[in-house]
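*Asks:* return a 3D structure for these sequence lines:
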Amino acid sequence: ALLGENGSGKSTLMNILSGIYLPDAGEIAIHGERVVFRSPRDSMKKGIGMIHQHFKLVENLTALDNIVAGTGHGLLFDRKAARAKVVALSEKFDMDIDPDRQVAVMSVSEKQKVEILKVLYRGSQILILDEPTAGLTPQEITRLFNSLHRMRENGQAVVFISHKLNE
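*Replies:* Now for the predicted structure:
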């Protein structure tokens, strides 16, 4: 967990690890290997997936289209295979998402699940979640934590950013 008051630099540090910001100093090492991220793509290649507090989804596309976007397949990809992979990930981590549903009509919790599935689809082994409980109901928070525990049990590292000590 990364815990600190508002404005203490939690999100800034995670934006450095996800390749959005360049560091002024210091080093990043993954599994003992020194790495330099010049872009989010560099970070993704090393298995880091960032789930931002403010979602980066295209509202008029489906969950599936948002998840697959940016994977290098363009508009022509095997929809059936991609859908099957998304459904399998959704079931494995208890995400319960309809890949064919348009994002614009989804709840905050569903949109967050799409963001998480997006990084899992790309094979991320290190997930960074920035204030993931913001805007969620107590029941949705419990379900999110259950999914995060499943990810941990699956071998993924989960970095959880919050200013709420009880989380």
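*Asks:* what does stretch 130-144 rub up against?
*Replies:* Stretch 130-144 has contacts (CB atoms under 8 Å, 6 or more residues apart in numbering) with 10-11, 14, 50-53, 94, 108-109, 112, 160-164, 167. (Each C-beta comes from the backbone N, C-alpha and C, glycine too.)
*Asks:* what strands line up against the lowest-mean-pLDDT helix or strand in the chain, and which way round?
*Replies:* Sorted by mean pLDDT, DSSP states H and E, the helices and strands of the chain end with strand 2-3, the least confident at a mean of 73. According to DSSP bridges, strand 2-3 forms sheet pairs with strand 157-162 (parallel).
*Asks:* just the CA atoms of the partner strand, as CSV, please.
*Replies:* Listed in CSV are the C-alpha atoms of strand 157-162, where the atom choice follows Å, rounded to 0.1, in the frame of the first residue of the first chain:
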residue,chain,number,x,y,z
ALA,A,157,1.4,-7.3,-7.3
VAL,A,158,-1.2,-4.7,-6.4
VAL,A,159,-0.2,-1.2,-5.3
PHE,A,160,-3.2,0.5,-3.7
ILE,A,161,-3.1,4.3,-3.3
SER,A,162,-5.3,5.8,-0.7
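*Asks:* chain center to that strand: distance?
*Replies:* With CA atoms, centre = their mean, to the nearest Å as the basis, strand 157-162 stands 10 Å off its chain's centre.
*Asks:* quick one: the strands in this structure?
*Replies:* Residue ranges of the strands in the chain, as given by DSSP state E, are 2-3, 28-30, 33-35, 48-51, 126-130, 157-162.
*Asks:* got a list of contacts for stretch 150-166?
*Replies:* Taking CB under 8 Å, 6+ apart as the rule, stretch 150-166 contacts 1-6, 10-11, 14, 17, 92-94, 120, 124-133, 148, 167.
*Asks:* which among those residues end up buried?
*Replies:* The neighbour-count test (16 or more other CB atoms under 10 Å) marks 2, 10-11, 14, 17, 93, 120, 124-133, 148 as buried among the contacts of stretch 150-166.
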